[in-house]
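A.B. asks: here is the input, now give the coordinates:
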Amino acid sequence: MRSSKTIHVISCHAEGEVGDVIVGGVAPPPDDTIWDQSRFIAKDQTLRNFVLNEPRGGVFRHVNLLVPPKHSAADAAFIIMEPEDTPPMSGSNSICVATVLLDSGIIPMTEPVTELVLEAPGGLVRVRADCKDGKAHRITVENVASFADRLSVPLEVEGVGSLTVDTAYGGDSFVIVDAAALGFGICEDEAADIARLGVRITNAANEQLGFTHPENPDWDHISFCLFAGALSREKDHLTARAAVAIQPGKVDRSPTGTALSARMAVLAAQGEMGVGDKLVATSIIGSTFTGQIVRDAKVGGRAAIVPSISGRGWITGVHQHMLDPSDPWPEGYRLKDTWGAS
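C.D. replies: Numbers count the residues shown, from 1 in each chain. Now for the predicted structure:
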């Protein structure tokens with residue numbers, strides 16, 4: 001086999017959402033911080049195109065690059081590559097990264113609990129892995145500080161009319177809509193409609209509301225639309241269904257850890273949740289993440305929370321992505337039949 005490039009990948013998913021991990025074949029990008037390294041990857045596009053575009057990737061795929069940590073407290077660092085963004089943080093991807101690190105032996109596993117610190121572009125996240133028989137069975141990630149941005153504001157969406165929405169940050173930026181008010185029960189047969197409408201709502205929110213992180217002005221847009229299901233109380237926790245539309249038009253198969261964090265931040269701002277309270281989110285395929293408010297925090301002087309996200313990850317394969325020197329599409333390709341449902 002001829003190859004001018006070989007990238008070693010361990011494939012993984014967290015509660016249904018693909019989060020593959022590059023473990024070899026890619027040199028760390030330049031720059032002095034993980035955030036700046038992620039900006040290099042976002043602007044350069046070479047690695048993103050190679051692993052995310054067809055024929056190696058697709059709109060369903062997220063890929064994480066392991067890099068040496070910059071912070072002395074971190075055991076490992078990773079850069080997240082999503083279909084259209086290279087974000088500060090991701091709940092499902094951090095679970096995938098922790099699962100791969102432990103289940104593959106890159107970081108030694110201690111049973112029954114392994115604790116480690118990961119450095120994401122958005123900051124340090126602490127990880128607790130419940131382990132048994134050489135497998136990390138459940139990963140709990142203490143996320144970056146999360147906060148509500150705008151509460152109960154109007155948003156005009158062409159073809160829909162006026163909506164009342166919230167915006168928030170949970171490691172990534174969200175516009176949050178009431179799923180039931182839009183006629184969605186968050187069922188599998190609604191996936192295409194949620195994806196298309198979610199992209200339209202996200203685009204409208206960026207045009208009319210906008211977002212800028214108070215401590216990271218580089219993050220200056222709304223990434224996703226969270227279709228938030230009705231809250232119910234079961235004994236000692238809240239429950240809700242959740243679906244997140246991801247650019248350019250797909251639905252997250254997992255409950256989306258950053259969306260769960262963003263919603264808890266909104267509920268905390270509304271007085272509906274406090275430190276110690278839990279929210280279990282159920283995805284469009286029936287998988288769950290458990291969120292909990294760990295403590296109060298401040299971000300740029302505004303009230304925030306530090307949430308945790310708990311879920312499961314599974315390794316699905318080991319791959320070597322190669323590039324034949326004669327391949328006429330060295331960075332792959334995208335077609336609108338799948339890459340862009342709006």
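
A.B. asks: state the distance from the residue nearest to Asp236 when sequence neighbours are not counted to Ser232.
C.D. replies: Leaving aside its sequence neighbours, Asp236 sits nearest to Lys278 (C-beta to C-beta, 6 or more residues apart in numbering; 7.1 Å). C-beta coordinates here come from the backbone N, C-alpha and C atoms, glycine included. Distance, Lys278 to Ser232, by C-beta to C-beta, to the nearest Å: 13 Å.

A.B. asks: between the two, what contacts are shared?
C.D. replies: Residues touching both Lys278 and Ser232 by C-beta atoms under 8 Å, 6 or more residues apart in numbering: Leu238.

A.B. asks: the two - which one has more neighbours?
C.D. replies: Lys278 (17 against 11; other C-beta atoms under 10 Å).

A.B. asks: residues contacting the more buried one?
C.D. replies: Applying C-beta under 8 Å, 6+ apart, the residues contacting Lys278 are 236-238, 290-292.

A.B. asks: please name the bridge partners of the residue nearest to Asp236.
C.D. replies: Applying DSSP bridges to Lys278 gives these bridge partners: Gln292.

A.B. asks: any idea which element Ser38 lies in?
C.D. replies: If you go by DSSP states H and E, Ser38 is part of helix 34-44.

A.B. asks: ok, and the closest non-adjacent residue to Pro48?
C.D. replies: Just to correct that, residue 48 is Arg rather than Pro. Nearest one to Arg48, counting by C-beta to C-beta, 6+ apart, is Met81 at 5.2 Å.

A.B. asks: contacting residues around Asp149?
C.D. replies: Residues near Asp149 by C-beta under 8 Å, 6+ apart: 166-169, 173, 211.

A.B. asks: how does it look with 10 Å?
C.D. replies: Contacts here follow C-beta atoms under 10 Å, 6 or more residues apart in numbering; on that basis Asp149 touches 166-169, 173-176, 209-214, 222, 262, 265-266, 269, 302.

A.B. asks: so which of those residues belong to helices?
C.D. replies: 262, 265-266, 269 (DSSP state H).

A.B. asks: next, name the residue at the spatial heart of the chain.
C.D. replies: With distances taken as C-alpha atoms, centre = their mean, the residue of the chain nearest its centroid is Ser90 (2.9 Å).
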